[in-house]
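Student: sharing a model that was predicted from the sequence below.
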Amino acid sequence: MKKSKRAKLTASGWAVGSVQDFLGLSDADAALIELKLSLSRSLRDRRQRRGLSQVELAKRLRSSQSRVAKMEAGDPSVSMDLLVSSLLVLGASADELAKAIRSGVGRHAAA
């Protein structure tokens, strides 16, 4: 957010902060959420690069299209195990998984 916009909001009585502050998340919780979202984005990107529909991916995973949609949306009901195993089914290498993990926790690593 631009400093000028932040200043205007603050001057108008608005509190400006991060989602982490608003929800009261610890650094570890925020990093875990970012990691899950990174894996979800990676799954969607890999599926699309392979030209697969959610239905086609669901068949490969022996799951449903709605479950794939939840996986790609980072739904809280989806486990990280399922995201990682799905990426492996799509041929993700250990290096590619590591890259997704690094991008998901990068900004929380120092905390």
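Tutor: Cool, got the structure.

Student: what about the protein, any weak spots by pLDDT?
Tutor: By pLDDT under 70, the low-scoring segments of the chain are 106-111.

Student: so where's the longest helix in it?
Tutor: Using DSSP state H to define each element, the chain has its longest helix at helix 27-49.

Student: which SSE is immediately downstream of it?
Tutor: Sequence order places helix 54-61 as the next helix or strand after helix 27-49, per DSSP states H and E.

Student: run through who's touching the host helix or strand of residue 98.
Tutor: Using DSSP H and E, residue 98 sits within helix 94-105. Residues outside helix 94-105 that contact it (CB atoms under 8 Å, 6 or more residues apart in numbering) are 31, 34-39, 41-42, 84, 87-88, 92. C-beta: built from backbone N, CA, C; applies to glycine.

Student: send the alpha carbons of that helix over as CSV?
Tutor: Provided in CSV are the C-alpha atoms of helix 94-105 (Å, rounded to 0.1, in the frame of the first residue of the first chain):
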residue,chain,number,x,y,z
ALA,A,94,12.0,-33.0,-5.4
ASP,A,95,13.6,-29.8,-6.6
GLU,A,96,10.3,-28.4,-7.8
LEU,A,97,8.6,-29.3,-4.5
ALA,A,98,11.4,-27.5,-2.7
LYS,A,99,11.0,-24.4,-4.9
ALA,A,100,7.3,-24.3,-4.0
ILE,A,101,8.1,-24.7,-0.4
ARG,A,102,10.7,-22.0,-0.5
SER,A,103,8.3,-19.6,-2.2
GLY,A,104,5.7,-20.3,0.4
VAL,A,105,7.8,-19.7,3.5
